[in-house]
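J.: Generate a structure from the sequence data that follows.
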Amino acid sequence: MLPLLFATSVLGTACAPTGWPEDSGFQTEVSVPTAAGSLAGTVTDEAGVAIPAANVTSEPSGRGAVTDADGRFTIERLLPGSYRVAAKAEGWDVGYSDPVDVAVDTVAEATVQLVRPDVVDGFVAISVLGPDDLPAVGVSVTGTDGTTSSTATTDSAGAATLSGLAGLVISVDVTDPTGRLASRRVKSLTMPAIGNARLSLQLSGMPGASATYIGSTICGYCHTEQGDQHGLSAHGNAQSDVTGAPAAGFDTGEVVALGAASAELGRSGASAVVVLTDRRGSARSYTVSGLLGGEGRGAVPWTEISGTAWPLPVAWTPPDTARAGWPGATGGWTAWQTDTWFAADGSFLFASTSSPAMTSSAETRCFACHATGFTLTAAGGGALSMTATSGAGRWVEGDVGCERCHGPGSEHSSQALSQKPFNIVNPDFLDVDRANEVCAQCHSALTGGEGAPYAWDTDHGLFTPGDTLSDYAGSAFVTWSGGSAAVPGAQADELADSPHGTAAWVARCTDCHGPHGGAADGPSGSLWQEDKDNTACLSCHAGLTFGADQAAVEAHDAHPIYQPDSASGEGRCVGCHMPQTATRLAWNDESAAGDEMSHLFLAVPPSDTLADFDAVGATELPPGSFVNNSCMDCHAYNTWLYSGTFTGPTGDPTLRATHAALDASWTEMFP
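T.: As a prediction, the model looks like this:
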């Protein structure tokens, strides 16, 4: 994710910044040539055999690529000058090409040859701690370089030594034979050419098989600060009553259009009700039992029919407070998944004495990611039923409680102080895959038992933190052609496919998000820093991608230099690298953007949008049937913000011609 800067000479008349208001806060003094060339080549070993999957970087500029199956790479958009290429692959020393000159509209060729260093007397010294910060004794440690393996057991100091591993990259598995501690894996440990590798790990505890759910209130007695944060977070408000801003529509009798049908919000005594009317004028009234979600992140009301719950076909979307006044940021009540209730012609799908299909119930499709402490049971025909693990009702806690991420807490709560860490999961002490799967149990597209979208099946039950997600569900991830999510709730899938999930260093979800609530993006937020703050991105990319060259940072992509207080919010790394490509509740009619930001961390060019139009031979498509690119949302907002004085390309996002204009400007800025 990289900052966005504006260069006056980059844009032609179609997107010239000179027409923008003088007080916009944009700086336009940086001038960058538009003409560029490319650098291509091959990475091989000493015998000339191609090396695939090598990471290649141009120096200077920091632009990168990965070699294909033939060891070939291409680095585009390089300004004229002298470059060399650095290449690195697992098990090889870093190699460099000879300097080559890149000229305008040409492709320079470079070859990089990698050599394998010799490992001399290599071994791995490992130190393992338990969750109580004391040495973990008797833990099994196994390392492999893909050819040979070595196993040892930690001693009274929690230490073990692996030897006889001649490979340059090894993986290490740490397992507690008693099952008391969670296993942990290090997938890529680099062995130095001379000497040894050292590895220090801390293991998480695990709840016992008899542990039960006790609810976040009890957790909060000791963990006061985390409990207070959690209570304000979206997790702590995964279910809510009809109060606050969503309640206003019920108080005023708001009517929501559902195509040929409609929904009228209202009150019946103390209860909120939704009256659905089909195209024939037949009306049915449903009492609202609660909201899935809440005021901070949006909500869907649900109703009970004969002991089963269904989400109603309306949703409340929160306003975008950073874009106050813009028609695309007003929020409010809108239609949502009407096909559960109505046929395409707007008539009811079921008789007034019946209910929607059981496979569309909230138990089958929704509740398992909005509650804690329950058992799922197959109810036939792909439907599920829910029962609380203790007490009555569907769940122990009607929110994403502490125990959804830490496991059932009864033993942790009742044990002596010295034993408490051993009876609860600490995701910080899990390996990165298992830690991210704690989030992925709900923030990924899954197909579990009975076709349900949960990490659950009839053999294993419900996923528990520390387990392996693939034991419970398979992937149902659906992407646009460029790889970004086309379905909601797939952030973990995108992260796993992104450069942050496939490189030697793999990002944890908690690197950016506060697990108990971050509050940088509002009371219900989860970010450590606001998404418009580029500090988190540049803390790595300023050095890795740009070689600590501020000029390279400022010349990155020909947009305004980031101004935190500018009205448009231009210049945010996430503005280009995390466009909203999927939606949970509603698409933006002004820009066709979704309400979920992509976690693939790759800019989406307008050419990807054009490809979606061209795939069906259309010149006009409704929002949600094409990928939202990195330009449209901001350009739509700027058109409104600057009252017609914004000179960048814009227009109706449902028209192919609009994205063609954006693509022409993109091609000019990024030849």
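J.: Skip the chain neighbours and tell me the closest residue to Asp612.
T.: Phe626 (3.7 Å; CB to CB, 6 or more residues apart in numbering). Where you see a C-beta, it was placed from the backbone N, CA and C, and this is true even at glycine.
J.: what about the one you found, how many neighbours?
T.: 25 (other CB atoms under 10 Å).
J.: ditto for His412
T.: Residues lying near His412 (other CB under 10 Å) number 25.
J.: Surely it is within a helix?
T.: Yes - under DSSP: H, G, I helix; E, B strand; the rest coil, His412 sits within a helix.
J.: residues touching it, list them.
T.: His412 makes contacts with Pro207, Ala211, His406, Lys420, Asn423, Ile424, as judged by CB atoms under 8 Å, 6 or more residues apart in numbering.
J.: how far away is it from Arg63?
T.: 49 Å (CB to CB, to the nearest Å).
J.: now swap in Trp333 and tell me
T.: From Trp333 to Arg63 the distance is 46 Å (CB to CB).
J.: One more: Pro465?
T.: Counting by CB to CB, the gap from Pro465 to Arg63 is 39 Å.
J.: out of those two, which sits in the more crowded spot?
T.: The neighbour comparison of Pro465 against Arg63 (other CB under 10 Å) goes to Pro465, with 25 against 19.
J.: That one is in contact with Gly407, isn't it?
T.: Yes - with contact defined as CB atoms under 8 Å, Pro465 counts as touching Gly407 (5.2 Å).
J.: list residues touching both of the two?
T.: Val425.
J.: Wait, Thr377 touches Ser385, no?
T.: Yes - with contact defined as CB under 8 Å, Thr377 counts as touching Ser385 (5.0 Å).
J.: Mind checking which of the two has more residues around it?
T.: Neighbours per residue, other CB under 10 Å: of Thr377 and Ser385, the larger number sits with Ser385, 18 against 13.
J.: for the more buried one, helix, strand, or coil?
T.: Assignment for Ser385 (three-state DSSP): strand.
J.: Show me the longest helix that occurs in this protein.
T.: In the chain, with assignment by DSSP state H, the single longest helix is helix 656-669.
J.: Alpha carbons of that one, as CSV, please.
T.: C-alpha atoms of helix 656-669 as CSV (Å, rounded to 0.1, in the frame of the first residue of the first chain):
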residue,chain,number,x,y,z
ARG,A,656,-18.8,1.7,-19.7
ALA,A,657,-17.9,5.1,-21.2
THR,A,658,-17.1,6.4,-17.7
HIS,A,659,-14.6,3.7,-17.0
ALA,A,660,-13.1,4.1,-20.5
ALA,A,661,-12.3,7.7,-19.6
LEU,A,662,-10.8,6.7,-16.4
ASP,A,663,-8.7,4.1,-18.2
ALA,A,664,-7.4,6.6,-20.7
SER,A,665,-6.2,8.8,-17.8
TRP,A,666,-4.7,5.8,-16.0
THR,A,667,-2.8,4.8,-19.1
GLU,A,668,-1.5,8.3,-19.4
MET,A,669,-0.3,8.4,-15.8
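J.: helices or strands up against that helix?
T.: helix 606-615, helix 632-641 (3 or more CB pairs under 8 Å, 6 or more residues apart in numbering; DSSP states H and E).
J.: Output those as CSV; include the columns distance to Leu655, mean pLDDT and mean neighbour count.
T.: Output for the helices and strands packed on helix 656-669, formatted as CSV (distance: least, CB to CB, whole Å; pLDDT from 0 to 100; neighbours: other CB atoms under 10 Å):
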stretch, distance to Leu655, mean pLDDT, mean neighbour count
helix 606-615, 9, 97, 19
helix 632-641, 11, 93, 22
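J.: Show the contacting residues for Val255.
T.: For Val255, the contacting residues are Ser262, Ala263, Glu264, Leu265, by CB under 8 Å, 6+ apart.
J.: Show me the beta-bridge partners of it.
T.: Glu264 (DSSP bridges).
J.: measure it to Thr334 for me?
T.: Distance from Val255 to Thr334, by CB to CB: 12 Å.
J.: For stretch 247-256, measure first residue to last.
T.: End-to-end distance for stretch 247-256, by CA to CA, to the nearest Å: 14 Å.
J.: what comes up buried for it?
T.: Ala247, Gly249, Phe250, Val256 (16 or more other CB atoms under 10 Å).
J.: looking at the protein, which helix or strand does the model trust least?
T.: The helix or strand of the chain with the poorest confidence is helix 550-554; it has a mean of 81 (mean pLDDT, DSSP states H and E).
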